[in-house]
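Student: Need coordinates for the following:
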Amino acid sequence: MMKSIVTVLIGAEATAGRLALLEMVEQPGSEPPCHRHYWEDELLYVMEGELALFIEGKWLTVPTGRAAMVPRNVEHTFAVLSPTVRLLVLFTPAGFEGFYQELDAEKLRLQGEATNIERWVATAARYGCEVTGPHPGRPLKTVVSKQ
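Tutor: Residues are numbered from 1 along each chain as shown. Predicted coordinates for the structure are as follows:
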């Protein structure tokens with residue numbers, strides 16, 4: 001799995017739990033498995049690069065300057081279509097940023113060992129996120145986001 005860099009810009013403590021804002025830098029190969037969040041809605045804004053969002057069984061292309069909304073309880077994942085993609089990710093309400101903070105702390109304890117899928121699944125479950133299946137692979141056909 002390639003490197004994923006996640007920075008919590010605004011966490012629950014600064015917003016009374018209403019929202020969290022994260023910056024993510026992803027590379028091809030760092031994409032998560034299909035999953036759904038039960039506790040929060042997720043908004044992704046692409047600052048640099050191009051992303052394909054797999055949502056409700058379809059691929060949606062989200063280029064630089066576009067955003068996409070993933071409501072809670074909707075299965076999704078993404079694929080990075082450029083060498084890297086830089087995103088702003090908004091979770092509402094806040095709380096899921098703790099998932100990334102916990103995985104980062106675990107990586108440090110393991111001295112840089114890549115987080116395996118079992119740890120990812122167990123950690124996600126503690127934050128109301130269910131892994132629903134493997135990553136669907138690269139998109140063959142996508143639709144450009146109109147959001």
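Student: Tell me where the chain has strands.
Tutor: Secondary structure of the chain (DSSP state E): strands at 5-10, 20-26, 34-37, 41-48, 50-55, 58-63, 67-70, 76-80, 85-92, 129-133, 143-144.
Student: wait, what's in contact with residue 121?
Tutor: Residue 121 makes contacts with residue 131, as judged by Cβ atoms under 8 Å, 6 or more residues apart in numbering. Quick note: C-beta positions are derived from backbone N, CA and C, even for glycine.
Student: State the pLDDT value of it.
Tutor: In this model, residue 121 is scored at 90, pLDDT.
Student: same thing with residue 117?
Tutor: pLDDT, residue 117: 79.
Student: Output the strands of the chain as a markdown table; include the columns mean neighbour count, mean pLDDT and distance to residue 100.
Tutor: Below are those laid out as a markdown table (neighbours: other Cβ atoms under 10 Å; pLDDT from 0 to 100; distance: least, Cβ to Cβ, whole Å):
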| stretch | mean neighbour count | mean pLDDT | distance to residue 100 |
| --- | --- | --- | --- |
| strand 5-10 | 15 | 94 | 4 |
| strand 20-26 | 20 | 96 | 7 |
| strand 34-37 | 19 | 96 | 13 |
| strand 41-48 | 17 | 98 | 13 |
| strand 50-55 | 21 | 95 | 17 |
| strand 58-63 | 18 | 94 | 20 |
| strand 67-70 | 18 | 97 | 16 |
| strand 76-80 | 22 | 96 | 15 |
| strand 85-92 | 20 | 98 | 10 |
| strand 129-133 | 15 | 94 | 11 |
| strand 143-144 | 10 | 60 | 28 |
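Student: Quick one: closest of those to residue 117.
Tutor: Across the strands of the chain, residue 117 has its closest neighbour in strand 129-133 (7.9 Å, Cβ to Cβ).
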